[in-house]
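Participant: Structure for the following, please:
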Amino acid sequence: KMSYFTEHFWGEKNHGFDVLYHNMKHGQISTKELADFVRERAAIEENYAKAMVKLSKMATNGTQLGTFAPLWEVFRISSDKLALCHLELMKKLHDLIKEISRYGEEQGRVHKKSKEEVSGTLEAVQLLHGVAQLLPKSKESYHSKCQEYERLRKEGTSQKEIDKAELKSKKAGEALRRAVEKYNAARADFEQRMLDSAARFQEVEEAHLRHMKGLIGSYSHSVEDTHVQIGQVHEEFKQNVENIGTEMLLRRFAESKGTGRERPAPTPGTLEMLRGGCSSHCRPPPPGPKRSRSKAFRIPGLSRKERDRDAVESPDAEVVSIPVPGLGFPILGGLGSERLSEHLPAGLPRENHVCSSSDSDYDEDEPRKFYVHIKPVQPQEASDSAEATMEQLKATVGNLILPPSIGVSLGGAAGSPETVPGPTVTPCPQSLAGHRQATVVPTRGWTRPRTPHPDPPQTPDPGPRSREHRRAPSPSGVAPWTPPHRHPPPPGTPGRGCRGPAAPPAASPSPPASPSSMALGPRGWGGTGGLSRGPSPVVLGSQDALPVATAFTEYVHAYFKGCDADSCLVKVAGELTMSFPAGIVRVFSGSAAPPVLSFRLLNAGAIEQFLPNADLLYSDPSQSDPSTKDFWLNMAALTGHLQKQAEQSPAASYYNVALLKYQFSRLGPGAAPLRLCVHWDCSPGATRVSVEYGYNAGAMALPVALANVHVLLPVDEPLTNLRLQPTASWNLEEKRLLWRLLDVPGALGQGGCGRLSASWEPLCGPSKPSPVAAQFSSEGSTLSGVELELASAGYRMSLVKKRFATG
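Facilitator: Residues are numbered from 1 along each chain as shown. You can find the predicted model right below:
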């Protein structure tokens, strides 16, 4: 490479060193100015993001009347995404500013070290400058002395004067010679030091420029990626506008704001009206169309939205007085005959009571009054139907829906049976009497029915408010994530702290799984204990943050080779699922569009592959930090997905949505949470098998116990004199041994390692080593250590569950 600094910074006055030194100091000024520039750009992006949020609110507050109303949702979503893009750019720029600041500090240390290294050059420059000033004076003195000597010699001055002048000229010549030698030495030292210093200055400057260009490249890359995302948002905006056609807008308006399909009947003549009597004039006029509003208290079945859209009011509806035995007062017409009959006491005649079927008490802005005429209670009626009347009142009041109250609940969850295969140890062919090595492959699965947590003791129903806190039963296919009850189990039920007991594996084996099978499909799990604000029912119009819950589920496949712990290979497949309460569907489907839900995964550096749900989840591929990963949801698609689940399972309390799958692998003995070592000793007369296991807390992000640890040893041969240590279950039909270790590590002082042994006498010659499998599950931690934090306002994390098990 060309050394520019060593060739272009010399000159008569030797100012090159000073120029190079000040140029190095100017690098710190450039670094500071670059940080100021990026900081100003970040402020601009922040202001722009705030302006887009304001614009999104403007689109949200746009009029919801007319056929154009649905298009405001497209504007709002686009504005939210643009605001999120600019916010992400602002965060990247702030990270860049921190990196520039760190470089500035490092640059100061480099400059200080360089100053110490080139300090000798500064001294050489000063020495050369002094010698250069002394040399002309010595020359001038020598020339003057020589001229004086020649003048005296030519004029014939006395010999004494001539000798004196000659002596002075010789001294001046000697001084000139010393000055020249001193100058030459100083010049040589200066040249050498200047070459070294110039090379050092150029090296520092090259490193500075490379680092500055790298910072500028990060800045350019961040801005470019943001513009790509903005382009995608604009393309999506254009596509959404094209997808919403004119016919769709008209149909949606007609379906949502339509007043009915029944056309008015022909008006009867005046004579017919007179013949009809005054009874026809006693009917109240039909209520005019008004905006409907939600009421806090409703009786199921009376809302217009719960009836067929094509249903019309009965033309024979009248305002009549219906005496109700046991109540002591009649009910004036306000309920349809069919719906009123549902709330009347048993034994009351129902065929002659015709009432209006209008439910305008709940759908009109102005509530209609109820007219109640109270009469004294007749003794004979009260004695006959008082008990039935009270039961009817309780049933009616029990159907009232009260506004939810904020509280903390500890729920329980139970699931359906599932098949969980574990790792398998496959021996390598060696001598039957010698040590055996084994390779772990996915094991034969066995069906493990999940045991629900014990229910807490039942308490008397205090009234309608307590009904709000009862959980609706979960439909098939929907597993609400609710923490288990922490009440003590009933007598006769084994309990283990906050974890519920698990049933042993069933006796029937499943077909062996392939070692390459790493399916990331969702699997059911039982819940673990944790504090939560309960189901968090969402009320329309609520300004509180919307609750969501998250679950990390990971499945580990471990492969061992005999007793060689260093040969361990661990593959982990994980899944991220988010749970939404049932009430949030109404908020997402309402007129006010929900805010975009975004989140960030932390400690994700170990993840090798992310597989997001392409229909629901967006990601940022331009992130420079490998330990974090940002995602945000397609709110329109999420709303449609939750609505579909609500239609399929209307009684569910929660709806789970699988958002992301991921996988990674690790090598070494520290990668598996449970280490296995299998040793076979096979001879014609006896077979001895030993399985050593050890708990490895370092493989988990947070050390937790391994629950329901089972070790399975298939023995596919006739045998006799079976000896087991410790005791294991022997299934003669399935021909397999099963050790149940429950928790590892167990109680305090038992440790996390142990040894299992089995020996028997084979009846058909030497035994053939068979696979050994281990199965376990764990709650409260993961192997990847991934954490999640919400990055958008308007939502709160009510619960985060973590669990892993053998895959």
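
Participant: Quick check: next helix or strand after the longest helix along the chain?
Facilitator: In the chain, assigned by DSSP state H, the helix with the most residues is helix 159-243. Downstream of helix 159-243, the first helix or strand assigned by DSSP states H and E is helix 246-257.

Participant: contacts for that following helix?
Facilitator: Residues outside helix 246-257 that contact it (C-beta atoms under 8 Å, 6 or more residues apart in numbering) are 66-71. Every residue, glycine included, has its C-beta placed from N, CA and C.

Participant: So which of those residues sit within helices?
Facilitator: Using DSSP H, the members of the contacts of helix 246-257 that fall in helices are 69-71.

Participant: Would you mind listing where the stretch 601-750 of the chain has pLDDT under the threshold?
Facilitator: 622, 746-750 (pLDDT under 70).

Participant: For it, which segments are assigned as helices?
Facilitator: 635-648 (DSSP state H, counting those that start in this stretch).

Participant: Show me the strands in it, by range?
Facilitator: 609-612, 617-619, 629-633, 654-667, 674-682, 687-695, 706-714, 719-725, 729-731, 736-744 (DSSP state E, counting those that start in this stretch).

Participant: export these to CSV and tack on distance to residue 235?
Facilitator: Converted to CSV, the strands of the stretch 601-750 of the chain look like this (distance: least, C-beta to C-beta, whole Å):
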stretch, distance to residue 235
strand 609-612, 19
strand 617-619, 13
strand 629-633, 16
strand 654-667, 23
strand 674-682, 49
strand 687-695, 53
strand 706-714, 49
strand 719-725, 67
strand 729-731, 61
strand 736-744, 53
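
Participant: Relative to residue 56, which of these is closest?
Facilitator: Closest to residue 56 of the strands of the stretch 601-750 of the chain is strand 629-633 (C-beta to C-beta; 13.9 Å).

Participant: Now do that closest one: which elements does it pack against?
Facilitator: helix 69-117, strand 598-602, strand 617-619, strand 654-667 (3 or more C-beta pairs under 8 Å, 6 or more residues apart in numbering; DSSP states H and E).

Participant: returning to that earlier point: put the buried members of the ones in helices among the contacts of helix 246-257 into a ChimeraX selection.
Facilitator: Restricted to buried positions by 16 or more other C-beta atoms under 10 Å, the ChimeraX selection for the ones in helices among the contacts of helix 246-257 reads:
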select :69,70
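
Participant: Nearest to residue 806 among the ones in helices among the contacts of helix 246-257?
Facilitator: residue 70 (48.8 Å).

Participant: Is the closest residue to residue 666 other than its chain neighbours part of a helix or strand, or is it coil?
Facilitator: Nearest residue to residue 666, sequence neighbours excluded (C-beta to C-beta, 6 or more residues apart in numbering): residue 570, at 4.7 Å. Recorded secondary structure, residue 570: strand (DSSP: H, G, I helix; E, B strand; the rest coil).

Participant: Identify the bridge partners of residue 570.
Facilitator: Residues in a beta bridge with residue 570, per DSSP bridges, are residue 558, residue 666.

Participant: angle of the longest helix of the chain against helix 635-648?
Facilitator: Between helix 159-243 and helix 635-648, the angle comes out at 40 degrees (axes from the mean of the first three to the mean of the last three C-alpha atoms, to 10 degrees).

Participant: Packing partners of helix 159-243?
Facilitator: Under the contact criterion of 3+ C-beta pairs under 8 Å, 6+ apart, helix 159-243 touches helix 16-60, helix 69-117, helix 119-155.

Participant: mind listing what residue 657 touches?
Facilitator: Applying C-beta under 8 Å, 6+ apart to residue 657 gives the contacts 577-580, 613, 616, 638, 641-642.

Participant: Brilliant, that's me finished.
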